[in-house]
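# pasting the structure only:
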């Protein structure tokens with residue numbers, strides 16, 4: 001005689017009311033264990049397939065990240081490449097190439113340049129092959145005002161890189177600006193921020209208070225722009241004094257061979273402009289000049305320049321017009337610094353103009 005019993009796991013246990021009943025129960029338990037082992041094996045197999053599929057998908061995703069990051073980097077789109085290389089250095093912290101590219105992008109993406117220095121140093125110390133890593137390391141040191149270290153990095157780049165590559169960079173000029181910077185740091189002046197306002201790039205100049213200065217800040221009229229200026233996406237602004245018919249502005253000119261230069265034009269009686277002409281004298285350099293402002297005395301011109309004895313990027317200078325010579329002469333200041341009026345090495349385009357206007361309001 002047999003008795004069927006439903007177990008909690010849903011399996012049926014047969015209890016045989018004979019002397020061999022216990023043996024029969026053990027056999028059924030063995031069958032159940034075997035079945036459970038088969039299910040476990042099947043689950044493990046399915047999990048292995050799943051893991052392989054996920055790994056394959058992740059590999060494909062990483063390959064796409066590498067491709068996108070490298071494409072952006074080659075195009076100079078450092079802001080777009082930065083978050084992609086951030087992922088790659090997290091996955092491969094010991095890869096010198098990723099460290100180099102991430103560090104280079106950090107120069108243009110991070111306000112704190114120490115991160116760029118750290119990753120670029122890591123890259124060159126681990127033997128990254130691209131000599132441009134030394135160039136960007138110099139840039140990172142340069143932006144941190146570590147001029148001596150910057151010079152060493154630039155010089156390493158100039159020494160090991162192919163002359164065809166170095167010719168396409170401004171490394172030699174940057175060495176000069178670091179030398180100027182080292183000299184300028186010996187005479188630092190403390191400054192304080194009077195006020196600070198955030199504005200979008202297209203309309204920043206509309207926020208300036210010109211009380212005490214006079215005139216207006218306007219966008220450069222299209223009539224004064226060259227073909228190259230019209231193609232440029234950078235904002236062009238002028239200070240229209242209101243008490244003079246002569247305006248000063250920057251332009252790339254016909255060919256842009258010397259970067260941006262300072263030009264002047266007169267407002268004619270019919271409201272049109274005379275043909276722009278480059279200002280004569282010691283104002284313009286082979287590098288960019290921009291954001292010019294004529295003092296109310298009618299002869300002192302303030303402007304920003306990447307040339308002269310700039311410590312890198314835009315610094316602010318002044319020149320005075322010589323009536324006899326009919327040209328601007330560069331001003332030698334009493335502290336021995338050639339014409340340098342104010343340092344704003346990290347200043348953006350917007351803050352540069354703001355600094356100019358704040359300084360001029362004091363001078364006026």
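Structure's in. What do you need? What you are looking at is a predicted structure, and each value in this text was computed from that prediction instead of being measured.
# Show me which parts of the helix or strand containing residue 84 are buried, residue by residue.
Assessed by DSSP states H and E, residue 84 sits inside helix 78-91. By neighbour count on 16 or more other C-beta atoms under 10 Å, the buried set for helix 78-91 is 78, 80-82, 84-85, 87-89. Quick note: C-beta positions are derived from backbone N, CA and C, even for glycine.
# Residue 132: which of those residues is nearest?
Using C-beta to C-beta, residue 78 is the member of these that sits closest to residue 132, with 12.7 Å.
# do you know how far the closest one is from residue 293?
32 Å (C-beta to C-beta, to the nearest Å).
# cool, and residue 204?
For residue 204 relative to residue 293 (C-beta to C-beta), the value is 16 Å.
# same deal with residue 216?
As defined by C-beta to C-beta, residue 216 lies at a distance of 12 Å from residue 293.
# which neighbours do these two share?
residue 239 (C-beta atoms under 8 Å, 6 or more residues apart in numbering).
# So if I had to pick from these two, which one is more boxed in?
Legend: neighbour count by other C-beta atoms under 10 Å for residue 216 and residue 293, higher for residue 293 (23 against 13).
# Which parts of the stretch 201-350 of the chain are strands?
For the stretch 201-350 of the chain, the strands defined by DSSP state E, counting those that start in this stretch occupy 216-219, 237-240, 246-251, 261-266, 277-278, 289-294, 300-305, 315-322, 327-330, 340-342.
# Show me what counts as buried in the third one.
Buried residues in strand 246-251, defined by neighbour count with 16+ other C-beta under 10 Å: 247-251.
# Compute the number of surrounding residues for the closest residue to residue 181 other than its chain neighbours.
Nearest residue to residue 181, sequence neighbours excluded (C-beta to C-beta, 6 or more residues apart in numbering): residue 311, at 3.4 Å. Neighbour count for residue 311, taken as other C-beta under 10 Å: 22.
# repeat for residue 66
15.
# same deal with residue 118?
Neighbour tally, residue 118, other C-beta under 10 Å: 14.
# Check it and give its pLDDT.
At residue 118, the pLDDT value in this model is 96.
# Would you tell me what helix or strand it is located in?
helix 114-125.
# right, and the helix or strand after that helix?
Using DSSP H and E, the helix or strand that follows helix 114-125 in sequence is helix 132-143.
# Now do that next one and helix 114-125, the angle between them.
150 degrees (axes from the mean of the first three to the mean of the last three C-alpha atoms, to 10 degrees).
# Below-threshold pLDDT in the stretch 251-364 of the chain: ranges please.
Within the stretch 251-364 of the chain, the ranges that satisfy pLDDT under 70 run 331-364.
# ah, wrong one, I meant the stretch 101-250 of the chain
Along the stretch 101-250 of the chain, segments meeting pLDDT under 70 span 188-189, 201.
# now with 90?
Flagging of the stretch 101-250 of the chain using pLDDT under 90 yields the residue ranges 109-113, 145, 177, 179-222, 229, 231-245, 247.
# Would you map the helices across it?
114-125, 132-143, 147-160, 163-166, 171-184, 227-231 (DSSP state H, counting those that start in this stretch).
# ok, the most centrally placed residue in the chain - contacts?
Closest residue to the average C-alpha location of the chain: residue 108 at 1.6 Å, with C-alpha atoms, centre = their mean. By C-beta under 8 Å, 6+ apart, the contact list for residue 108 reads 78-79, 82.
# can you put those residues in JSON lines and add distance to residue 326 and pLDDT?
JSON lines is the format used below for the contacts of residue 108 (distance: C-beta to C-beta, whole Å; pLDDT from 0 to 100):
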{"residue": "78", "distance to residue 326": "44", "pLDDT": "95"}
{"residue": "79", "distance to residue 326": "45", "pLDDT": "93"}
{"residue": "82", "distance to residue 326": "50", "pLDDT": "95"}
